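Enquirer: how does the following fold in three dimensions:
(3 chains)
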Amino acid sequence: MGKETKIITKNWGKINSQNIEAYIHAGGYEALKKFLFEMTPVSGVEEIKISRLCGRGGAGFSTGTKMESVQKEKSSEKYFICNLDESEPGTYKDRMIVDNDPHLLLEGIIISSLIVGANKAFICINGNYRKQAHILELAIERAREKGFMGEGILDSQYSLEIEIFSGAGAYICGEETALINSIEGHRGEPKARPPFPTQIGLFGKPTLVNNAETICNIPWIILNGGHEYAKIGSEKSPGTKLFILDGAIKNVSVVELPLGTSIRELIETHGGGMAKGKYFWFAQIGGSSGRLILEKDLDEKLEYDREAKIPVGSGAVLVVDRTVDIHEMLLSWTSFFRRESCGKCVPCREGTFRLWEIAKRAKDGKISERDLETIPDILWVLGNATFCPLGKFAAVAFFDAIDNFRKEILKEKNIN
Amino acid sequence: MKIRIDNNEYEASEKETILDVCRREGIKIPTLCHMKGVHEGVCRICLVENSGKLMTSCNTKACPQMDIVTQSENISRARKINLELLWADHAGKCATCKKNRRCELQNLTMLQKVENFRFVPKKEDLTQEEELDLLKDNRMRVVVDEGNSAISRTTELCVECRRCINICPTKELSFNNRSGDVVVGTPYQKPLDCIFCGQCVKNCPTGGITDKNDLDEILEKLDDPKKMAVALFDPALLESMSLEQPEIESQRKLVGTLKAVGFEAVFDLAFGMEIFIEKTIEKIKGNQSNNLILSHCPSLKLYIEKYFPEFSKNIIDVLTPDELMAIFVKTEYAKKNKINPKDIVVVSISSCVAKKIKKDTSLDYVITMREFGRIIRKKNIKISEVEGEEFSRDISPKNKEVSKMTRCGGAAEMIAREMGIEYIQANGVKDIKNIFISLRKKRIETKIIEAMICPGGCVGGGGQSNNIL
Amino acid sequence: MTVEKILLGFDPEPRNILPALKKISASFGFVDEENAQKMADYFDISISRIFETATFYDLVKTKKRAPLEIQVCSGANCATKDAYRVIREIERQLKIKAGDQFNPKIRLEIVSCLGQCGNGPVVIINETAFLRVTPRKIYDILKNYL
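Expert: Predicted coordinates:
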């Protein structure tokens, strides 16, 4: 497989994607047919495990393993949830997927649901994506007309209903247990694990929650086999990834590239390098919960790996140039988490609030010795003692900023 | 299974949490949000370490191969920072707080030796404008509710532990908003209008939800030489008096302490219960209908009015023991002892918060065990030096057995035995609701029904003191 | 459309609570106490549950809205493109402060990412989105609303 393999974006800009005929003409729904008539759920999971596909939402957990555990649950009712509640700042790849190839997503959802034995799937879409929800509604209607979903899919014994659940605006609902809470009509607070949603999930039933981008890989894997997929990209995490390039670069765009691509290549080759008159200062990888990268780290490869220095996260790459005020960035990060913490646990609710206050004081040049003393404490409890990973995320960028740009942050007060 | 805790092996079942095992084995772990049966894991105080990773012990089930450490540098660091963060958002006016010295946040802070409060700027570092902004911000977020005569709320002292939300049997309280804007309150910030069972007051770790304050007035009257202060003591409180003040270990000590704070006479409420039973029997005798409801639980009356108003007519028209006894004190007792009833102040020391709503011309005040504890502390009474005493004999019950009424079913049983009639009983809102639904569907037919809102009856009353850390 | 009619469009199942809240909020501008009570009765749960769920989500309002509501995204991407200067400019021109609840007529809110990062900074005025806003454009945008 060459470097040019396109899995998710293969139809982008080439076909009238919202037209189901065009999608079928381009080879669409062939994977579904192959699964229905040549495979079993068990062999389906096997292929996905072989592919070593992992979740593209940020955590990077093995998709096959997760699918297998839901498949193995003995329950007459199971749910599949497509997580399209994309709200990581700087991330709009899933929106682009719906805009450009809604049927690929649907095909992935249908196959995934059937593999795990779910007969009901929810597409949980960001509440601000009204246009995209409409596109999906139409796509579901067309797919139903063609017999790709509903009772007895293509006259097989499989059935599936798909429902669109539009979110109501809360970042934390990207976390799967919080997402489940929101569908159940509760506050979107994360739940304690175990039990994992794969055992006790939506309405107490085994539930598989996958990110939209992850799901879009499934049809390709079913059609071409897990071994072929595993050849793409990096050794540790095969496959391609959508990267969202933004900031002080020439080409602001969403690109699909093999995992293992270096940050430098992303920025220089695909982002077209720095925009005119802008000088690289740092880049943030993976949205507001992502790390800050200096020039020296540009050759780091982006791949899903627990030990990776730079987590890929959502795949957002924000290039920040020297003209940007670091204080405004601090305010942006801290105000985001101060607003989006669910408020349930003490360190996150209070910690994100105090960090935001410190960022405000830093902006006004009034950061005190006392603040400098408390910052490591707040970052530490956020990183180690919160209920869910949001606390950890809230500390990442602030930590890197204090670590690397201490002088700039304290500039106005002249304490160091 | 076996799990390791602090290098010792303990037997544990898979239903148990780490906290359960530790409590059973006497290993101390502090908590702020935990309650029996509630495992929120939100205060992040009950942290322990499992293979180097911090986790909350209250909502982590025991697993084989666990190697738990309950004391480490990281654990105490996390606890300290969490407490400090809570303090930064806490009004911190301990000296004037109703829960002073009975506050779990205060106690934990001392226990964990938190000495610095660094998350809020020092006052001298603030400009006047900033201070004004903080005040404005505060006013926007703080909700104070003094809209009823039983329970006070102020979110200024709330630590968002959600105990009140979890314990509230009628789900009046909610966890509103998100992130730092979170407020534990009522929908649309309405004044609390509930059945005032007081379970939230009992379980609130801080001064966020407290008994309505009558103390200043009471203290004044206790000290007023022209007034005769009479205490009616609810025997249900024998359950929890030592939780409020460990040195009150006997009834004698208790009566002595009541005298020491200034009550001239201390009567056993069991006498009022006897009147209650007599009056109730009379009423039942004159009533042909079935499904009559005993009237001694004021929360129950409120509950019926609110949720099952069609059964209001089934409530037997008898006042509560406290009211009956207060009337007795101000009439027959006053006459016999030649005291002007206007000079008598009747204070009921009660296990019931809802009775505060009931105070009227005869029953001047109703206070809980917690409030009695505050009086003791305010008056600086050295309980160890107090002489034990007996209840005043002027008014005392013929039969001590009547105190059984403090447990749900006690009153009905006595009445039923005496009259040879049938009864059913229920305690706790869940069971009571089921009874009323059955009544609605005419599936129940009995002579009398005893229902008490608090778990177990008055022994589990909202006015009881709680075990605090 | 009456609130009863909206509710009858949903089965009284938990998964419809949030969609119903959103719809009522969108139809009436916000979910008032009376409607929240009706929802509670319809779904057979307490009004406190309805209210705590409603106040959790950005797209459900429980307070009467101001005639002019401005939202500016301050996500990191927008921040690198001068979102904060845009905010300051709006504050200056309208003489208000972001986040203040005291002006009954105008409310300026800083909001989280809206997924339009390529086109930031994003300003939303009474539900109309303006993309690639610069401080210079503020005057022209705002004058249509004042």
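Enquirer: need the contact list for residue B:1.
Expert: B:11, B:12, B:13, B:14, B:62, B:63, B:64 (C-beta atoms under 8 Å, 6 or more residues apart in numbering or on different chains). Heads up, the C-betas are built off the backbone N, CA and C, glycines and all.
Enquirer: filter the residues you listed to the buried ones?
Expert: Neighbour counting by 16 or more other C-beta atoms under 10 Å in any protein chain shown classes B:12, B:62 among the contacts of residue B:1 as buried.
Enquirer: need the contacts of residue B:1 in JSON lines with pLDDT, distance to chain C and secondary structure, can you?
Expert: Listed next are the contacts of residue B:1 as JSON lines, based on pLDDT from 0 to 100; distance: C-beta to the nearest C-beta, whole Å; DSSP: H, G, I helix; E, B strand; the rest coil:
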{"residue": "B:11", "pLDDT": "94", "distance to chain C": "39", "secondary structure": "strand"}
{"residue": "B:12", "pLDDT": "95", "distance to chain C": "34", "secondary structure": "coil"}
{"residue": "B:13", "pLDDT": "95", "distance to chain C": "32", "secondary structure": "coil"}
{"residue": "B:14", "pLDDT": "92", "distance to chain C": "29", "secondary structure": "coil"}
{"residue": "B:62", "pLDDT": "94", "distance to chain C": "31", "secondary structure": "coil"}
{"residue": "B:63", "pLDDT": "92", "distance to chain C": "31", "secondary structure": "coil"}
{"residue": "B:64", "pLDDT": "89", "distance to chain C": "35", "secondary structure": "coil"}
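Enquirer: could you tell me how many residues sit around the residue in the stretch 301-416 of chain A positioned nearest to chain C?
Expert: In the stretch 301-416 of chain A, no residue comes nearer to chain C than residue A:332, which is 3.8 Å away by C-beta to the nearest C-beta. Counted by other C-beta atoms under 10 Å in any protein chain shown, the residues lying close to residue A:332 total 25.
Enquirer: and residue A:42, by the same measure?
Expert: Neighbour tally, residue A:42, other C-beta under 10 Å: 11.
Enquirer: could you do residue B:300 as well?
Expert: 26.
Enquirer: ok, the helix or strand it falls within near chain C or not?
Expert: According to DSSP states H and E, residue B:300 maps onto helix B:298-307. No - applying C-beta under 8 Å from any C-beta of the partner chain, one finds helix B:298-307 separated from chain C by no less than 11.4 Å.
Enquirer: now tell me what touches that helix from outside.
Expert: Against helix B:298-307 from outside (C-beta under 8 Å, 6+ apart): B:170, B:194-197, B:293, B:295, B:311-312, B:315, B:320, B:352, B:354-355, B:357-358, B:429, B:432-433, B:436, B:451-454.
Enquirer: not counting sequence-adjacent ones, nearest residue to the residue located most distally from the centre of chain C?
Expert: For chain C, the largest distance from the centre (C-alpha atoms, centre = their mean) belongs to residue C:44, which lies 27.3 Å off. Sequence neighbours aside, residue C:12 is the residue nearest to residue C:44 in space, at 6.7 Å (criterion: C-beta to C-beta, 6 or more residues apart in numbering or on different chains).
Enquirer: tell me the secondary structure for that neighbour?
Expert: Of the three states, residue C:12 takes coil under DSSP: H, G, I helix; E, B strand; the rest coil.
Enquirer: need the distance between the two termini of stretch B:110-127.
Expert: 31 Å (C-alpha to C-alpha, to the nearest Å).
Enquirer: okay, buried residues for that stretch please.
Expert: B:112, B:114, B:118, B:119, B:120, B:121.
Enquirer: A helix includes the residue of the stretch 301-416 of chain A closest to chain C, no?
Expert: Yes - counting by three-state DSSP, residue A:332 falls inside a helix.
Enquirer: what sits against it?
Expert: A:89, A:288, C:74, C:75, C:76, C:78, C:79, C:83, C:84.
Enquirer: tell me the contacts of the closest residue to residue A:77 other than its chain neighbours?
Expert: Distances taken as C-beta to C-beta, 6+ apart put residue A:205 closest to residue A:77, at 4.7 Å, once the chain neighbours are dropped. The neighbours of residue A:205, taking C-beta under 8 Å, 6+ apart as the test, are A:75, A:77, A:78, A:79.
Enquirer: among those residues, name the buried ones.
Expert: A:75, A:78, A:79.
Enquirer: show me what the last one is bridged to.
Expert: Right, residue A:79. residue A:120, residue A:207 (DSSP bridges).
Enquirer: per-residue confidence at it?
Expert: At residue A:79, the model reports a pLDDT of 98.
Enquirer: from residue A:124, how far out is it?
Expert: In this view, residue A:79 and residue A:124 are 11 Å apart by C-beta to C-beta, to the nearest Å.
Enquirer: which residues touch the most centrally placed residue in chain C?
Expert: Compute the mean C-alpha point of chain C, and by C-alpha atoms, centre = their mean the closest residue is residue C:59, 5.6 Å away. Contacts for residue C:59 (C-beta under 8 Å, 6+ apart) come out as A:127, A:128, A:167, A:168, A:169, C:22, C:25.
Enquirer: so for it, what's the pLDDT?
Expert: Checking the pLDDT column for residue C:59, the value is 95.
Enquirer: ok, residue B:77 touching residue A:376?
Expert: No - counting by C-beta atoms under 8 Å, residue B:77 does not reach residue A:376; the two are 10.7 Å apart.
Enquirer: more crowded one of those two?
Expert: Higher neighbour count among residue B:77 and residue A:376: residue B:77, with 18 against 11, using other C-beta under 10 Å.
Enquirer: tell me the SS of that one?
Expert: helix.
Enquirer: roughly how far does it sit from chain C?
Expert: Going from residue B:77 to chain C by C-beta to the nearest C-beta, to the nearest Å gives 30 Å.
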